[in-house]
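> Here you go, sequence then predicted model.
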Amino acid sequence: MLFSELAAPFLAPDALHIPDGFLSAAVAVAMWIVTAAFIAVAVRRASREFDDRLAPLMGVLAAFIFAAQAFNFPVAGGTSGHFLGGALAAILLGPWAALLVMSAVIGLQALVFQDGGLLAMGANIFVMGIVTVWVGYFVYQALTRFNRFLAAFAAGWLSVLVAAVVTAFLLAFSGTASLNVVLTAMATIHAVIGLGEGLITAGAVALVAAALPGRFDQQVAARKTDRGTWVAGGVVLALLIGVTAVFFASPHPDGLERVAEDTGFLHTAQAPLFNIAPDYVVPGLSNESLAGVLAVVLGILLLFAVGYGIARALSRRSHRQAEGARPEPAGKGS
Amino acid sequence: MTEINGHEPVLHVHDLCYTYPDGRQALNGVTMHVDHGEKVALVGPNGAGKSTLMLHFNGILKGSAGRVRVDGMDLVKENLGVIRAKVGLVFQNPDDQLFSTTVFEDVAFGPLHMGYDRQEVQRRVEDALARVGIGGFAARMPHHLSVGERKRVAMATVLAMDPSILVLDEPTAGLDPRGRRSLINLLRGLDATMLVSTHDMALVAELFPRTIVLDGGRVVADGLTAEIMADQRLLEEHGLEAP
Amino acid sequence: MHIDLFDQYRHAHSPVHALDPRAKLTAALLFILAAALTPDGAWLAFAALGALWLAVALVSDVSLALLLRRGLVALPFALAAVTVLFTLPGWPLLVIPLPLSDGHLVISDNGAIRFLTIMLKSWLSVLMALLLTATTTFPDTLRSLRGIGVPRVIVGVLAFMYRYIFVLGDEVLRLLRAREARMAAGPPGLARRSGGSIVWRARVVGAMVGSLFVRSLDRSDRVYNAMISRGYSGELLWLDKPTLRAADVAWTGAFVLVLVLIELWARLL
């Protein structure tokens, strides 16, 4: 019914760049915290991998993704498919470097072109720099043994689809949109847009594999998915499941707007000044769902920290074993 | 010590060989030297190894055999920092050379990394920009400059480091006649030792008393420009043309 | 061929331009946070935020018309919020019968309040971000990011990126033009539609993206070479601006105080 109207903005290239104002302060801040943790880890890991080449390499490649997003190709009815690039970056560079590249792209778009908000930047990086990258990376790694191009296509397509679903949840969580409508619209439209992403990703992977045969195969083959990457992937998955669960576990069948209505979302204007009563913790989000968000975020961060610690301890031990076994450990570990 | 004409040259390359990772032999025993105050042209067809040779002068590439000495110093790890300040390498494409967001930051890059303090960095930037004739450009962004202006800034980025020798790769490539003329005037006015790789034979005849011809990864001629330009057979053999 | 991604900086000699970029960035972020925290339907608070923005904009000497026009960039996203008009429970304001069925859509008062609130928040945030970009050069923005503690590596990546989006943007334009120049129609009477299938077209774009990546890798190698030949050894150095002046602190403090007062007032209304 409302689909054609709803469709318009989501077909624009910026469908996933959420502007400020559309996310509640609590959701925006929570996403900033999660994103900042990911970026901090990515900086350390990528610095280790690329050493003093990191800044020029990531900078030029971020410019590459930014420029590649200008490529469009006519689909039908005056609309065109656009390119996001998260999955491609993940395939070519590995997830951590890809996260840095995508963060720079999103940051610059917000800072210079007002494409996506500043407060919403944490969420935008989460959606386009973490979700697309990890989905793209794992899908490609899982399928590439069967067929490289099919794997790249699936990685591109699914990365956009999942990113759209996450965006829908963030909007619904913020009380900005009704979940079932926005989820259906975003998922349907991006299932189509994602086809373009998948095709471009596959085409680009084909060309890079042909142009740099040795370098590409070596790099992708050598990029064993280590524990840190698995943990981060698990965190993304847990976050998605956690957010969904909190959403659906809410005692009110018709979703957050009902929660909001019941608990005073709409009455905050009449609420006493920063009432510390249990009903209001942070204006703009009800106590209940705020607790939900915080619980999920803290739980995930804890999980992340513990998992990362275990992974590091394990990889250090396996290093030592490797060094003990061989007189001269060749190549980089982890 | 390898002394030539009784003193140590600024740049001394002896029997240098280099093979690309893909197995292609790029340099095949290059021997040459440049003395203080000389202005030398390096010519040769595409693929002769000119750019590869230049990347050896400050240790970006390391030859498989032979040696490179700068101001009497061997090109070894301990000397790299000093040698990189002594050899002012200007790349062919100014978009590779100018990687900062403003002209000031780009020209300041070298001096900052040499460890100078704020006043000295500022002084060197202003001085270098003035020497290439674009004094007021510090706050501009490289993207907003013309190709000729970008080439000047690229030269300022190394002049600010006060090098012993200026090594330029194709300085006039891609310039229109007016830009080329003003660059030639700039090169003529610069009081510096220079080694310039180029296809622009008119430029060679006009500015450089001495020419080195490189082909197939080795030096095939080295002498007075006038004599080389007069040797029709040599020029033809190596795909060159007198202006 | 030259890409100029409409540089949004507007040069002028206003007190806003002269303010320390770190102070400006902090103030703008707090303004946007304040807008996000303002309760639904607190129209007077939104008006006050708008007035605060207007005051800064007038001092900044940047064309208001330009800012207001560019301020509409987030407008298309409004459709994402349209559903709240119909789904928030409340008094019906407007009933729209749906064609081809017996159903109808009801706009509720709460829905309308929420929708307008979202639009106002978004608009004010975009306007403030625009004002920040219009009065701060990008190199200054980078300086301010370093100043508020963003890791140097990230600032470095942003700096290189900003430099090379123009260079690579030019390359993209050339590639697109080369494609366009050869997108000819077949001779009349040819059975197939010209232009190829969507899959084929997308793969052409994919190949362009791939070759741009290969070129970018090469370029990053050359840039790295240019850096190490000027003494780079892994640490990015900048000449940073000196400490904040008293005036920067005072103006930013006053701005933040007004924000806090507005937010307190919004809850007392």
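All right, it came through fine.
> Output stretch A:192-203 as PDB, restricted to C-alpha atoms.
Extracted C-alpha coordinates of stretch A:192-203, given in PDB (Å, rounded to 0.1, in the frame of the first residue of the first chain):
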ATOM      1  CA  VAL A 192      16.800  -5.800  -5.100                       C
ATOM      2  CA  ILE A 193      19.400  -3.100  -4.700                       C
ATOM      3  CA  GLY A 194      21.700  -5.800  -3.200                       C
ATOM      4  CA  LEU A 195      21.700  -7.600  -6.500                       C
ATOM      5  CA  GLY A 196      23.600  -4.700  -8.000                       C
ATOM      6  CA  GLU A 197      26.000  -4.700  -5.100                       C
ATOM      7  CA  GLY A 198      26.500  -8.400  -5.600                       C
ATOM      8  CA  LEU A 199      27.100  -8.100  -9.300                       C
ATOM      9  CA  ILE A 200      29.600  -5.200  -8.900                       C
ATOM     10  CA  THR A 201      31.400  -7.000  -6.100                       C
ATOM     11  CA  ALA A 202      31.700 -10.200  -8.200                       C
ATOM     12  CA  GLY A 203      32.900  -8.200 -11.200                       C
END
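> and that stretch, average pLDDT?
Here stretch A:192-203 scores 87 as its mean pLDDT.
> Now the residue in chain A that chain C sits nearest to: closest residue in space that isn't a chain neighbour?
Nearest residue of chain A to chain C (Cβ to the nearest Cβ) works out as residue A:203 at 1.6 Å. From N, CA and C alone the C-beta is placed, and that goes for glycine too. Of all residues not flanking residue A:203 in the chain, residue C:206 sits nearest, at 1.6 Å (Cβ to Cβ, 6 or more residues apart in numbering or on different chains).
> show me what contacts the residue of chain A closest to chain C?
Contacts for residue A:203 (Cβ atoms under 8 Å, 6 or more residues apart in numbering or on different chains) come out as C:202-207, C:209-210.
> neighbours of residue 235, just the number please.
Just so you know, I chose chain A. Residue A:235: 22 surrounding residues under other Cβ atoms under 10 Å in any protein chain shown.
> Oops, wrong one, chain B.
Residues lying near residue B:235 (other Cβ under 10 Å) number 18.
> again with residue C:235
Around residue C:235 there are 11 other residues, counting by other Cβ under 10 Å.
> Are we agreed that it is in a strand?
No: Residue C:235 sits outside any strand when classified using DSSP: H, G, I helix; E, B strand; the rest coil, being coil.
> Which strand or helix spans whatever residue of the stretch 51-200 of chain C ends up closest to chain B?
Per Cβ to the nearest Cβ, residue C:166 is where the stretch 51-200 of chain C lies closest to chain B, at 4.2 Å. Element membership of residue C:166, judged by DSSP states H and E, is helix C:152-181.
> any residue of that helix up close to chain A?
Yes: contact of helix C:152-181 with chain A (Cβ under 8 Å from any Cβ of the partner chain) involves C:153-154, C:156-165, C:167-169, C:171-172, C:176.
> Might you report the residue contacts of the residue nearest the centre of chain B?
What sits nearest the mean C-alpha location of chain B, by Cα atoms, centre = their mean, is residue B:167, with 1.4 Å. By Cβ under 8 Å, 6+ apart, residue B:167 lies in contact with B:54, B:57, B:87-90, B:194-196.
> again, only using 10 Å
Residues in contact with residue B:167 (Cβ atoms under 10 Å, 6 or more residues apart in numbering or on different chains) are B:11, B:34, B:42, B:53-55, B:57-58, B:87-91, B:158, B:193-197, C:229.
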